[in-house]
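Asker: need coordinates for the following:
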Amino acid sequence: MKLYREFKNFAVKGNMMDMAVGIIIGASFNKVIDVLVKKVLLPPLSLLSGNLNLEDRRIVLKDPVIDAEGTVVKNEIAIGYGALIEALVDFFIIGFTIFIVVKFMNKLIKKAEDTKDQTVETPKNIELLTKMTQLMEEQNELISGKISTQKP
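Answerer: Residues are numbered from 1 along each chain as shown. Okay, the predicted model is just below:
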């Protein structure tokens, strides 16, 4: 029963929905990056390198076995380093894109948390914390003023 309550609290707080949305967006983002790498970035690189197709690049460890009729009896054994290069390019593009998005989001959050900037509406929690800080400072000034007048 305790596990059920914990799961219910987890789901109700929105964490599960946030994760689901993130996973769905991440899967879609992966498709976009895959097309960007394979259809936009790699063709010019292939052209510059003399029509070298990275996906087909591999080191053949053992040639395929072909019978007299020309059919493949055993496939070749090869290390596909071209696919690894494509995956690394994907990884760096995704990493850089996420870095830019997070940097942009942090800039927006910092701007939203600035109580003096009137161009962006300050979130309620930041507004309340600012008011509490101001009230505490005023209270400290009043208390320190009373203490200094009471000393002989």
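Asker: can you give me every residue that contacts N75?
Answerer: P64 (Cβ atoms under 8 Å, 6 or more residues apart in numbering). Heads up, the C-betas are built off the backbone N, CA and C, glycines and all.
Asker: with D63 instead?
Answerer: Taking Cβ under 8 Å, 6+ apart as the test, what D63 contacts is E76.
Asker: how near is it to A78?
Answerer: 9 Å (Cβ to Cβ, to the nearest Å).
Asker: beyond the helix ranked longest in the chain, next helix or strand please.
Answerer: For the chain, the helix with the greatest residue count under DSSP state H is helix 81-113. Later in the chain than helix 81-113, the nearest helix or strand by DSSP states H and E is helix 124-150.
Asker: where does the chain dip in pLDDT?
Answerer: Counting by pLDDT under 70, the chain has low-confidence residues at 14-15, 52-53, 113, 115, 117, 120, 122, 148-152.
Asker: any idea how far the closest residue to I66 other than its chain neighbours is from L128?
Answerer: Excluding its sequence neighbours, the residue lying closest to I66 (Cβ to Cβ, 6 or more residues apart in numbering) is V72, at 5.8 Å. Noted for V72: a distance of 71 Å to L128, by Cβ to Cβ.
Asker: could you pull up phi and psi at I59?
Answerer: As for I59, its main-chain torsions (degrees, to the nearest 10) stand at phi -110, psi 120.
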